[in-house]
Structure formats: C-alpha cells, structure tokens
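In: Okay, predicted coordinates and the sequence, questions at the end:
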Amino acid sequence: MRFGVLGPLAVWSADGEPVKVPEVKVRALLADLLVHAGHPVSADRLIEDLWGDRPPANAPGALRVKVSQLRRAVGGLVAYRAPGYVLQVEPSFVDAGLFETLIGRAQRASGPQERAALLREALGLWRGDAYAEFADEPFAVAAVARLGEQRLAALEELAEARLGLGEHVLLAAELASLVAEHPLRERLRAAHVRALYLAGRQSEALAGYEELRRRLSEELGLDPGPELAALHQAILRQDPSLGPVARPRTNLPAPLTSLVGRDGAVAEVRSLLGAGRLLTLTGPGGVGKTRLALAAASGRSGGDVWLVELAALRPRAAEIEVAEAIAAVLGLRDDTAGPGAPVERISGALAGRETLLVLDNCEHVVEQVAVLAGRLLQAVPGLRILATSQESLRIEGEALWSVPPLTREAAVELFAARSGVEPDADVAEICARLDGLPLALELAASRMRALTPRQLADRLDDRFRLLASGLRGAPARQRTLRAMIDWSWELLTGPERVVLRRLAAHADGSTLEAAEEVSADPGVDVLDVLARLVDRSLVVRVRAPGAEPRYRLLESVSAYCLERLDEAGELDGVRLRHAAYYTALAERAEPYLRGHGQRDALALLDAESANLRAALETAVRLARPGEAVRLVNAMAWYWVLRGRLGEGQRALEAALSVPGAAGSGAAQARVWRAGLRLLAGRLQPPDHEVFEAIEGRSARARARWFIGYAMFGYDDLSASGALIEQALETFQELGDKWGTGAALNVLARYAAIRGDLAALRRDGERGLALFRELGDLWGELRAAENLGTLAEITGDYERAAAMRAEGLRMAEELGLWSSVSDALSRLGRIALLTGDHARADDYHERARRLAVEQSNRPAEEFAELGLALAARRQGRLDEAERRLRAWLEWVRDVAGEPGAALILAELGFAAEQRGDAAAALELQLEGLRAARKVGDPRATALALEGLAGARALGGRHEEAALLLGRAAALRAAAGAPLPAGERGDVDRITAAVRAVLGQEALEAALVRGAESEPERLDPSLV
C-alpha cells in the first residue's frame, strides 16, 4: 500500500487502485501519523490534533473509534505503541519519502543530464501543495513548510541542470511565473537571469536583477549576495564564460512605410501573445491584420520569429500542404515520406527553442491550419502561434483579437501621410466612407496625384472602378478594392452568398429578425449562415448597451453585395421585401409612441431610422403609393416627438408625390404635412375639407387636434382653439384618454395666455393625471410645463423650478431634444426671476445652441428672448435691444400679437432706462394694443407698467401713478399679483414717482388708478 501527501491526501493499493478513507477526522488521523513518519504519536497528542480545545466527552474512546475506522481502510498498518499509535510503513511507500530519496540521488548524480532526469522524476510526484487538506492544521505546518522548501530547492537545482543542457530559451519562459511567486529567492532569480541572458534577452535579464536588488533593499534592507552580483557583472561584460547567447532567427520583412494609428493595438497584441500560446487576429479583408501581426511579432525579444504566408495555397488545401509551407520557411529538407512526416520534422526542428510562427491569411485553409496548429502546440512547449484570418481557428487555447478599422483620426492621418494632402472635411468624408480600412485608404491615396479630395469623395459611389488601379508589389488580392472583396466572396458557399448579398438591402445594419425576413431563402437557415458570416468577418455584429444585437456590412462590402444582388436579378424584389418589413415595423411601433411603451418605441425607430428612410425611397422609386403613405403616416408622430420637422416634411412630400396616392391615408398624410409646416414656423393651415376625407371619428379627431396643437401660438388663437374644442368633444365621447389629455394640455396653454389661472390649474392637472395613467412621458412633460407656468405666475419659484427640472429629465430620458431646449429655457427663466443671472445665461445659451442644431426656430426665439431679458436686467441694453429687434418681425409673422406684446414691452423698458421718453412711450403704446388684442390681463398690466415708466420719464408723474394702480388692479383681478422676482421695473418706476409726489400722494393716486379705466387716466391710450 502506498500513501500520497504531496497534494491532497491519497492512498493506493498494491496494484495502484485508489483506496477510499472516509470521514474528515479519520483522514486527519492518517495525515497526522504520516507527518510523524513511522514514529509513535501519543493518544493525548492525537486527541488535541483532531479536536483541539473542544474534545468529545469520552475523548480516548472517540479516538479508538477513529483508529478502528482507519484500520478498516489501511489494514494492520496502524498499530498501538504506548503511549499512542504508529503507522508502520516504509518511507519509500510515501511519496514524500520517495521525493526526498530522489533528491538525494540527484545531488550525487555524475552529470547535468542524470541530475535533471532525477529531479524531474522527483518533482513529478507532486500533485499540488503538500498535505493540501490539512496544510493549516498545527500538526502539519512544519512538515508543509519543510516539503515546500525542498520542492523550491529542487526546482532551482533542476533549472541549473537545464541551463547546463542548453535549455535556456524554454527555461526563460517557464521560470517567469515562479520568480513572480517567489521574488526574493536569489538562487531562483539567478537561474532566471542567466536563462534570459543566454536566450538573447539581455535587457530583461538586467531588469530582473535590478528588480531583485530593489526589493531586497526596500523590504529587507539587504543587497544581493556575491554570486548574484558576480553574475550581474558578467552579464554587463557579456562574459564568454556564461555560455553562448542564442541569436534569434527570423524572416520578417522590413516595413517600407510606417504603421499609422496602431500603437495601442500593437501593445495589446504583444500582451496577449505573452499571456497565451495561440492568438488569432480576425477582421475583414484590408483591415490591416498582416501589418499589425508583423509589427507585433517584430518587437518580440528572444526566440525565433517566422512568417509563413499561406495565401498562395489553393482553397481548402490538404493539411500536409500547409505543413510543407511551414517546413519550407524553416528550411527543412523534404527527405521523409509519410503523411505525418512534415509535422514531425517541424516539431523536431522547433524542440528546445522558443519560436513564434506567424501564419498569415488562413481563412481559405482555416480547418487545416486549426488541426496542424493544435498538433504543433501540443508537441512543442516553446512554440507560440500568431495567425491572421477572417475567421477563428476554433481550437482549444485560442485567444481572439478582432482588428478594428482605424479610428477617424488615425484614418485621416494615414490618408494624409500616403497622399501628401492636408487633412480637411473632404478627407474626413473619404476616410469615413471607406470605413477606415487601411488598404482602401492606401488605394484612394494613390489617386490623389490626379484628383482633389472633393473629386475623389464625389466619385466614391463608383468606388470599385475608382480604386481599380493596383498597388505595385502588393499581393494580387490586395491590388484593387474589388480584388480584396472578391477574395472573401470566392470562399463563400452558395447559401452564404445569398444571405450576404441580401443583407446589403439594409441601411446601417439590421436585427436578426429583419435579416431572417429579408434574406429568407428556401432551405437556408439564415441564423446559421449569419453566424458563419460573422465568424468570417464579412458581417460585423455590434451591440449597444441594453439594445438588441445588430448585423452590419462595411460600406465597401455593402456596395459590392448590391452589385451581386443586381447580377442575381434580385435587387428590386429584395428591396420591396425590405420596404414591406420596415413599413410593418413602423406600424407596429406607432401605437406604442403614446403610452407605456413610448421609450422603447422611440429607441426602436431611432435604431431603424436609416432602414425606414431606405424603405420609403424604395416605395417612392418603385411607385408603391400604398406602402409609401402607410409608412409616413406611421412615422409622423415619431418625427414630431424627435423634432425632425424637416425630415418629416420631406418624407411626406415624397410619399404624396407618388402617382396614385389617394384616399383616407393620403388625406391623413396631408394633415401631418401641414402640421409639421406649422410647427416649423410656416403658417399654412390645411383646408377643413381634408379632415372629412379621413376615415374614422377617432382618426379625424386626432387630425383636428394635431393641427390645432401645431397652430398654437399663431396670431389667430380662435382657429386653433375651435379645432381643439371640437377634437376634445369627440375624444370624450369615444373615451380616448390620450386624445383628451392632449386636448386639455393645449387648453391649459390657452388659459395661461388669457390669464385664466383657474382654468390653467384645472386643465393642467387633469391632463397630467391622464398622461400619468397612460405612462406617456411626452404628455406628462407638456402638462408639467403648464403647471410650472402656473407656479411661475404665482411666484412659487421653488415649485416652478422643480417642475421645470422634472420636465427636463423626462425630455432627456426620451431624447426629445426640441423639448429639452424649451425645458432649458424655462429653467433659465426661473434662474432669472430668482436673481441668478449667470445660471440664467447658461441655461438660455445651452437652449439656444440646441435649438439651432435642431433647426427649431420657435425654440431658438424662446431662448434668445431669455438672453435678452437677462441682458436688460443686467444693464446690457445694447445687447438686449439687438436680440429683441432681431426677432420682432419673425414673431409678428408667426405668433402675431401674443409674442409681439412681450418683446415690445421689453424694448419700451430698455428705451426708458436709456432716458428716451418718446421711444419708450411709442413702444409701450404699441405693446398695449397687442396685449389688448390677446385679451391677457397680465400682458395688459405689463404694458401699463411700461407706460407708467415712459410717463414718469416725461415728467407726468401723476399719470404714471394712476397707471401703476390700474396695472396692479388688473393683476389682482386675474389672481396673479406681481411676484417678487418680476417687481424690478415696477419698483424702479414707483421709486421715481414717489421721489416727486411723496408717499401719501402716491398711495392716493394708486387707489384712484385702480378704480379707473386706463383711457380716463391717459387720453393717449384711446
């Protein structure tokens, strides 16, 4: 019977079969007896070792039970010998004893080869840490430490023996992890340093010595011993007594041009090569796999590096042909017959050396390379393989690194370096359209001798003819852009070609469902084929966080596949299938744009925007009016939510231009078109007959609501209000909660304009409740805007700011950027009213920039007005007047009197602050006429306050006081006394009047003014 302690405790019978020793305490008893190696252990000691300070009630009896159980497992080897027990076994029958015996023999060996053999045999007995189960038990700690030290010493002796046998290349690699685990062992470090030096890695050897010196100094306050110091000096002298230094061999070509934009990639590839033995660089043709592999391989220190170019082999060549290509590069003679002969010769030639094989262009022989690479890696421990292929080898131990196209900055740098032109917007466009593929950029750069960047960019739609001039000296497959993609196409099966060319119908990629629908073909498993195309780097699988994976083609591959699709006679048919799929997708998503699924529906349509545009183009080009109208009607509310008013108008125009576009769907599209024009600032409401052409009461009501909503803010409020009231009546009859809430939101805005605060509160709160019930964030946002306006009017700035901030959050959450601009401006207004001018300017400027980016003129005007308000309150009158006058005529044309009233009042206040009484009076009178037309008592009060300032400036202080009194009465009657944040102008004018009239006369005049009509106070107001 044999026992094992160099690892988990083990027992084997005489014929080598495992013997089970059950129960932890019994195994601990056996381990304790083995630790004492044939010497008796007292019962008291065994009890303490097994149970510590918590022995059982009858400890001696319990020990006898455990001994009995152990005897049943190992027979009579356990004997009682007073005062305890002993395990009667020869040391050679315990692996620890055999280990020590072999170590002793190795120390007496006559030469390094015998010593190495004995040490390898001794170390081969180890199956893990000594006494692994019980290493922390007090009875085993000393034995574990002793055996561990003996093991390390044996490893150091073996390393020294192998150095004598010339195995320094392999040893340099193998000792690295051991040195990292035991960084302060000088003998081990000396073996590693010497192995590194002899392997040709002198800088690493010196760095290893320096690391040990630093550690000893910092951690122990010591210097390296004399032997290691002498080795260090010998390495510095390159002393011949150390032995011959290995000189790496290589056939890597010297690069003719610099590698641009790949510094980080080279470092990462080298790191992966150091961590593993097989690395495959994957990626589409022309992405630069070979150049990256050569750069990473050329920087390796130590060991041989051989480049094996496999592109010349025929597709699916036999494994022996791949092996012969490697043997030829290594310079091996073909003098042995048999199918396995080349592999055996390669293994023999590489044995005992550290070697990197760069297997370039494996995609057409990938199965054969996989088999051969697996065999070589198993046979040659010092071998590493760096492969380049459009697909992985898919064998055990393979690490993959997908080579990405160049970043935009790196692509521009490469193009500029190769072409000699200065980078500009045209160069950036070329690089983007060529997908950052280095080969395509090199080909395009060679055209710069005859074309300007703009001319080249304009011709990229015909890129295969444009980039047909080859690069001399390049492999045939890399001489033109078409040849590069032809190389990949020819390797595909029939089903793979069908799926790949049909994927080109998609714009900006597709989901799996879309790919299966549009690329479907009888007998073809699209999912399986798609997975293979991803493996072959012809299809790129991308996934944004939280989004469904998408499958994309690079633009050049897509252009190539469209040509193949046309050649197959499938172009129009596949595009119609594509259009039908995305039209149905838009129609499925449209209902979810109103309610709980709003966020997901917006994200879906965002992701598919390019495909939806392509679907519409197909429907228009192939004259499919039904599909075109269905698609734009399904997308229209999305365009409104996203603020894509220009895109929506163009799409609706295109759909309505298709011959045969008629009926209810066309009428609905005309309503959408008119509404988008209104929202964009063009006052062109549709004829009322168009509503009657729409089928269904609900659809007609929503059409009326949309036009009424879009007309809000224009001069004729009655036309908008009538449509909203009519729509609301139908919505309530049909129980349409969304329509009801949407109508109430608009009515609340009307109430704010009229100064009807009770209606503003009532309709705003009802609208908010309905939209919260429906889970429609857009509706909640609009309702919150109304209630925030109410809080602002009543001076509850804290609540107003909270509601504005919540509106901004909802707008940003949904990506409603036009609403984000409005929300920022509204927060700017609150900051202005609370006196935080810096924050107000920041909010308004951010809102203005966003509105300009979105081409949203109403939102831009709203933000500019806020900047003007802040400028006047800070005394920057020139800036305020410039901003206000720039928008006055636009506001008059678009919004009419409601918008003009505020701008005129602000211009009047600015004139008054300048001291120009005549201009102030003229502007405030004009503003008063606009305010009266609107019917908003608050706007009228503001104009009267402005007139008071003009009269006071002209010396008519009594009239000024009367006007201030009347303005205050109007505000009080509307339930909206002037809040503190808006009292700046009134307080300034009141102070000027008080200084002339005195407090008592002022108060009397305010009372009289409150009780009189303005015309009786100032005849010029008639």
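Out: Right, received. Where do you want to start?
In: CA only for contacts and neighbour counts going forward, please
Out: Noted.
In: Give the closest residue to Val269 in space, chain neighbours not counted.
Out: Once flanking residues are discounted, Val269 sits nearest to Ala296: 6.4 Å by C-alpha to C-alpha, 6 or more residues apart in numbering.
In: Equivalent analysis for Asn633, please.
Out: Excluding the flanking residues, the one nearest Asn633 by C-alpha to C-alpha, 6+ apart is Ala669, at 5.8 Å.
In: For the helix or strand where Leu294 lies, which outside residues touch it?
Out: Using DSSP states H and E, the element containing Leu294 is helix 289-298. Here helix 289-298 makes contact (C-alpha atoms under 8 Å, 6 or more residues apart in numbering) with 252, 259, 262, 265-267, 269-270, 281-283, 305, 356, 358, 360-361, 386-389, 403.
In: quick one: the very next helix or strand once past that helix to helix 289-298, angle?
Out: For helix 289-298, the following helix or strand on the C-terminal side (DSSP H and E) is strand 304-309. Strand 304-309 runs at 170 degrees relative to helix 289-298, counting by axes from the mean of the first three to the mean of the last three C-alpha atoms, to 10 degrees.
In: Who are the packing partners of strand 304-309?
Out: If contacts are counted by 3 or more C-alpha pairs under 8 Å, 6 or more residues apart in numbering; DSSP states H and E, strand 304-309 sits against helix 319-330, strand 355-360.
In: Sort out which residues of the longest one are buried, please.
Out: Which is helix 319-330. By neighbour count on 16 or more other C-alpha atoms under 10 Å, the buried set for helix 319-330 is 319-327, 330.
In: Could you do the last one as well?
Out: By neighbour count, with 16+ other C-alpha under 10 Å as the criterion, the buried positions of strand 355-360 are 355-360.
In: Can you list the low-confidence ranges for the stretch 601-750 of the chain?
Out: Scanning the stretch 601-750 of the chain with the threshold set as pLDDT under 70 gives 715-716.
In: Could I get the full set of helices for the stretch 751-900 of the chain?
Out: 757-774, 777-793, 797-814, 817-833, 837-853, 857-873, 877-894, 897-914 (DSSP state H, counting those that start in this stretch).
In: elements contacting the last one?
Out: Based on contacts counted as 3+ C-alpha pairs under 8 Å, 6+ apart, the elements that helix 897-914 packs against are helix 857-873, helix 877-894, helix 917-934, helix 937-953.
In: report the angle between the axes of the first one and helix 817-833?
Out: Note on geometry: by the same axes, to 10 degrees, helix 857-873 and helix 817-833 are set 10 degrees apart in direction.
In: Next, the angle helix 877-894 makes with helix 857-873.
Out: Regarding helix 857-873 and helix 877-894, their directions subtend 150 degrees when assessed with the same axes, to 10 degrees.
In: surely Asn251 meets Val308?
Out: No: judged on C-alpha atoms under 8 Å, Asn251 makes no contact with Val308 at a distance of 9.1 Å.
In: in the helix or strand hosting Arg599, what counts as buried?
Out: Arg599 is part of helix 598-607 when elements are defined by DSSP H and E. Buried residues in helix 598-607, counted by 16+ other C-alpha under 10 Å: 598-599, 601-602, 604-605, 607.
In: Alpha carbons of that helix, as CSV, please.
Out: Extracted in CSV, the C-alpha atoms of helix 598-607 (Å, rounded to 0.1, in the frame of the first residue of the first chain):
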residue,chain,number,x,y,z
GLN,A,598,-43.0,55.1,-25.6
ARG,A,599,-39.3,54.9,-24.7
ASP,A,600,-38.8,51.5,-26.3
ALA,A,601,-40.7,52.5,-29.4
LEU,A,602,-38.6,55.7,-29.8
ALA,A,603,-35.4,53.7,-29.4
LEU,A,604,-36.6,51.1,-31.9
LEU,A,605,-37.4,53.7,-34.5
ASP,A,606,-34.1,55.6,-33.7
ALA,A,607,-32.2,52.4,-34.4
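In: Identify the residues contacting that helix?
Out: For helix 598-607, the surrounding residues in contact (C-alpha under 8 Å, 6+ apart) are 586, 589-590, 592-593, 638, 776-777, 814.
In: Which two of those residues have the greatest separation?
Out: Distance extremes for those: the farthest pair is Ala586 and Leu777 at 19.9 Å, using C-alpha to C-alpha.
In: for the longest helix anywhere in the chain, packing partners?
Out: Ranked by number of residues, the top helix in the chain under DSSP state H is helix 138-164. Where contact means 3+ C-alpha pairs under 8 Å, 6+ apart, helix 138-164 is packed against helix 24-35, helix 112-123, helix 168-181, helix 186-198.
In: Skipping adjacent residues, who's closest to Leu272 in space?
Out: Leaving out its chain neighbours, the residue that sits closest to Leu272 by C-alpha to C-alpha, 6+ apart is Leu279, at 7.2 Å.
In: For burial, what's the neighbour tally of the one you found?
Out: 25 (other C-alpha atoms under 10 Å).
In: Please, which helix or strand holds it?
Out: Using DSSP H and E, Leu279 sits within strand 278-282.
In: In terms of secondary structure, what does that strand contact?
Out: Packing partners of strand 278-282 (3+ C-alpha pairs under 8 Å, 6+ apart): helix 289-298, strand 383-388, strand 398-402.
In: got the CA positions of the first one in PDB?
Out: What it means is helix 289-298. Output in PDB follows, covering the C-alpha atoms of helix 289-298 (Å, rounded to 0.1, in the frame of the first residue of the first chain):
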ATOM      1  CA  LYS A 289      -4.300  42.200 -39.900                       C
ATOM      2  CA  THR A 290      -1.000  41.300 -41.600                       C
ATOM      3  CA  ARG A 291       0.700  44.700 -40.900                       C
ATOM      4  CA  LEU A 292      -0.400  44.500 -37.300                       C
ATOM      5  CA  ALA A 293       0.800  40.900 -36.900                       C
ATOM      6  CA  LEU A 294       4.200  41.800 -38.400                       C
ATOM      7  CA  ALA A 295       4.600  44.900 -36.100                       C
ATOM      8  CA  ALA A 296       3.700  42.900 -33.000                       C
ATOM      9  CA  ALA A 297       6.000  40.000 -34.000                       C
ATOM     10  CA  SER A 298       9.000  42.200 -34.800                       C
END
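In: can you give me the offset of that helix from its chain's centre?
Out: Helix 289-298 sits 27 Å away from the centroid of its parent chain (C-alpha atoms, centre = their mean, to the nearest Å).
In: where's Ile989 relative to Ala1001, distance?
Out: Distance, Ile989 to Ala1001, by C-alpha to C-alpha, to the nearest Å: 15 Å.
In: Compare neighbour counts for these two and give me the winner.
Out: Neighbours were counted for Ile989 and for Ala1001 using other C-alpha under 10 Å; Ile989 has more, 23 against 14.
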